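Participant: 3D model of this:
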Amino acid sequence: MAQRVGRLEFGVAWVIRNLDGVIAVGLGLTIGLMDVFGELISDKVSSGATLLVLGTLAVGSLTERMRRKSDIQEAVADTRRALEDLAMVRSLTGDQVGDALERARAQTNLWYFKGGTGTYLRAVTLPRCVEAATRQRTQLSVKIDIINPADEQTCAAYARFRQTFARRRNDDAADAWTADRTRKEAYATVLAACWFRQRLDTLEISVHLSSGVPTLRFDLSESCLVITQDDPNRVNLLVARDQPLYDYYVTELHQSREQATALDLRGAGPLGDAPTVDEVRAAFDGVGLPLPSVFSDADVAEIVEKALHAEDPYRR
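Facilitator: Just a heads-up that it's a prediction; the model follows:
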């Protein structure tokens, strides 16, 4: 019984969808049979019926065209949406990277960074975000994930990675990336985080140290994600917040921090506007990341310089 009802419903639905054709065929058959079996209808009626059939077919044709037009419009709309989505993930080259990062800083109360040593973070991102939060009296959340400067093997591997791409582009500074420099750059980022934390009460900042060698840098704000790298032959990317990839990387960066070693920056002792060597050594001891005993006072002073006066690597 249920099967018969189902067939009946299917038949009725088909007739409704093709009503114009059904009417045309029915009229055509009726007129044709009458014409065959007798002189039962006049020529006027026959001509009128013929026009009715043709009109019905015309209506059916128009209906089909409208359906096709609707399908085409829907396909065009889908294509337009796809292109708009694609436009939200675009490549960046040259000065576009710095411009994109500047726009990302314009209106944001958070910044997540994952990369090697965080040179640009120290030089530009952190001081300007802190400056904006101070001026606007707003909360600022910064999460930093860099390589562990206490892991000599990781620092040496990262230095080799930087040298490789620097030599590919015939950069005279290729040999400048050594394990020693890498360690000092990473220590400088930790010191900068401690220093800025003591100067802005509304700054919530954390530092996580990883033992892996990153090949990409991630800068994530409330509006977008900027992915950069050292190989000039590959593109950098900008991902808008409303894209799924943005949400994927929010989760990815969180998981990366969860697997890294978190520093307790609250343990850092007071740091002056121009931190002394003793203040810096005490600060690193306080956060559980003591400086190597082989580091001289000159080495510590170099770390301070890198922490508070780093050069913008994107400046031309």
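Participant: Next, give phi and psi for E131.
Facilitator: E131 adopts backbone torsions of phi -60, psi -40, taken as degrees, to the nearest 10.
Participant: what's the burial count for it?
Facilitator: 12 (other CB atoms under 10 Å). Just so you know, the C-beta spots here come from the backbone N, C-alpha and C atoms, and that holds for glycine as well.
Participant: Also A100?
Facilitator: A100 has 19 neighbours, counted by other CB under 10 Å.
Participant: which outside residues touch whichever helix or strand it is part of?
Facilitator: If you go by DSSP states H and E, A100 is part of helix 95-106. Applying CB atoms under 8 Å, 6 or more residues apart in numbering, the set of residues contacting helix 95-106 from outside is 92, 111, 120, 124-125, 128-129, 132, 219, 221, 223-224, 226, 228, 236, 238, 312, 314-316.
Participant: Name the residues of it that come out as buried.
Facilitator: Buried residues in helix 95-106, counting neighbours by 16 or more other CB atoms under 10 Å, are found at V97, G98, A100, L101, A104, R105.
Participant: Which of the contacts of helix 95-106 fall within strands?
Facilitator: With DSSP state E as the criterion, strands contain L92, W111, D219, C224, V226, T228, N236, L238 from among these.
Participant: Can you tell me which of those residues comes closest to R281?
Facilitator: Distance ranking of those against R281, using CB to CB, places W111 first at 28.1 Å.
Participant: Return, as residue ranges, the portions of the stretch 201-316 of the chain with sub-threshold pLDDT.
Facilitator: Across the stretch 201-316 of the chain, the ranges flagged by pLDDT under 70 are 232-233, 316.
Participant: And the strands in it?
Facilitator: Ranges of strands within the stretch 201-316 of the chain are 203-210, 217-220, 224-228, 236-240, 261-262, based on DSSP state E, counting those that start in this stretch.
Participant: As a markdown table, the ones you listed with mean neighbour count and distance to T178 would be great.
Facilitator: As requested, the strands of the stretch 201-316 of the chain are arranged in a markdown table below (neighbours: other CB atoms under 10 Å; distance: least, CB to CB, whole Å):
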| stretch | mean neighbour count | distance to T178 |
| --- | --- | --- |
| strand 203-210 | 20 | 19 |
| strand 217-220 | 22 | 20 |
| strand 224-228 | 21 | 22 |
| strand 236-240 | 19 | 26 |
| strand 261-262 | 14 | 23 |
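Participant: V294: which of those strands is closest?
Facilitator: Nearest to V294, of all those, is strand 203-210, at 19.6 Å by CB to CB.
Participant: name the helices or strands packed onto the closest one?
Facilitator: Helices and strands touching strand 203-210, by 3 or more CB pairs under 8 Å, 6 or more residues apart in numbering; DSSP states H and E, are strand 140-147, helix 179-197, helix 244-258, strand 261-262.
Participant: mind putting the ones you listed in TSV, distance to H208 included?
Facilitator: Converted to TSV, these look like this (distance: least, CB to CB, whole Å):
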stretch	distance to H208
strand 140-147	5
helix 179-197	10
helix 244-258	4
strand 261-262	5
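Participant: Of all these, which one is nearest L291?
Facilitator: Smallest distance to L291 across the helices and strands packed on strand 203-210 (CB to CB): 6.9 Å, for helix 179-197.
Participant: what comes up buried for the closest one?
Facilitator: For helix 179-197, the neighbour count (16+ other CB under 10 Å) marks 179-197 as buried.
Participant: what do you get for stretch 297-305?
Facilitator: So for stretch 297-305, counting by 16+ other CB under 10 Å, buried means D299, V300, E302, I303, V304.
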